[in-house]
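>>> coords please:
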Amino acid sequence: MSKTYHFIGIKGSGMSALALMLHQMGHKVQGSDVEKYYFTQRGLEQAGITILPFSEDNITPDMELIVGNAFRENNKEVAYALRHQIPFKRYHDFLGDFMKSFISFAVAGAHGKTSTTGLLSHVLKNITDTSYLIGDGTGRGSANAQYFVFESDEYERHFMPYQ
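The predicted model follows:
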């Protein structure tokens, strides 16, 4: 049986793409976020991924929690996990562990990361099975992929766990 992943802040551009990837790889995925509409939720909704408003009731101890970097201890779900000692990983830490299963290509820089990541993933997926995570909320996950292309996040040195 596959794991259930709960994303705290699932509408974030990296978070939504990662949620799509894990869903496509056969995992059960759900998440929570603010109730305002964001363009990144369109792909999640099309994939049938549940998006919930923030609530302590969303979390059970058997889930793997992935927390978006924008959400701190004052978020009700993060605070609940801390109070009940339910472990969680920050987005960049989870991504660092996740990419160990692939030969990974990180696209970094000040301008053009999203476009370059999109172009590189397009080329590679037409050559071989490739998973990718793009900063516009686009993600594709394949359990058989050997390669993983992703848009790197340099903010607050979040790239440190990347392999």
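
>>> buried sites along stretch 67-86?
Neighbour-count burial for stretch 67-86, counted by 16 or more other Cβ atoms under 10 Å, picks out V67, G68, N69, F71, N75, K76, E77, V78, Y80, A81, I86. (Glycine included, C-beta is placed from N, CA and C.)

>>> tell me how far the first one lies from K89.
Translated: V67. V67 sits 7 Å away from K89, going by Cβ to Cβ, to the nearest Å.

>>> try the fourth one
To K89, F71 is 13 Å away according to Cβ to Cβ.

>>> sketch out the low-pLDDT regions of the protein for me.
1-2, 153-163 (pLDDT under 70).

>>> now the strands: where do they sit in it?
4-8, 28-33, 50-53, 64-67, 88-90, 103-107, 130-133, 139-140, 147-151 (DSSP state E).

>>> please convert these to TSV, extending it with distance to T117.
Below are these laid out as TSV (distance: least, Cβ to Cβ, whole Å):
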stretch	distance to T117
strand 4-8	20
strand 28-33	21
strand 50-53	24
strand 64-67	20
strand 88-90	21
strand 103-107	4
strand 130-133	7
strand 139-140	11
strand 147-151	4
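
>>> quick one: which of those strands is nearest R42?
strand 50-53 (10.8 Å; Cβ to Cβ).

>>> now the closest one: buried residues?
I51.

>>> partner strands of that strand and their direction?
strand 28-33 (parallel) (DSSP bridges).

>>> export the strand it pairs with as PDB, just CAs?
Provided in PDB are the C-alpha atoms of strand 28-33 (Å, rounded to 0.1, in the frame of the first residue of the first chain):
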ATOM      1  CA  LYS A  28      -2.400   9.000  -2.100                       C
ATOM      2  CA  VAL A  29      -2.100  12.800  -2.000                       C
ATOM      3  CA  GLN A  30      -4.100  15.500  -0.300                       C
ATOM      4  CA  GLY A  31      -3.300  18.900   1.000                       C
ATOM      5  CA  SER A  32      -4.500  22.100   2.600                       C
ATOM      6  CA  ASP A  33      -4.100  25.700   1.900                       C
END
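
>>> no further questions, thank you.
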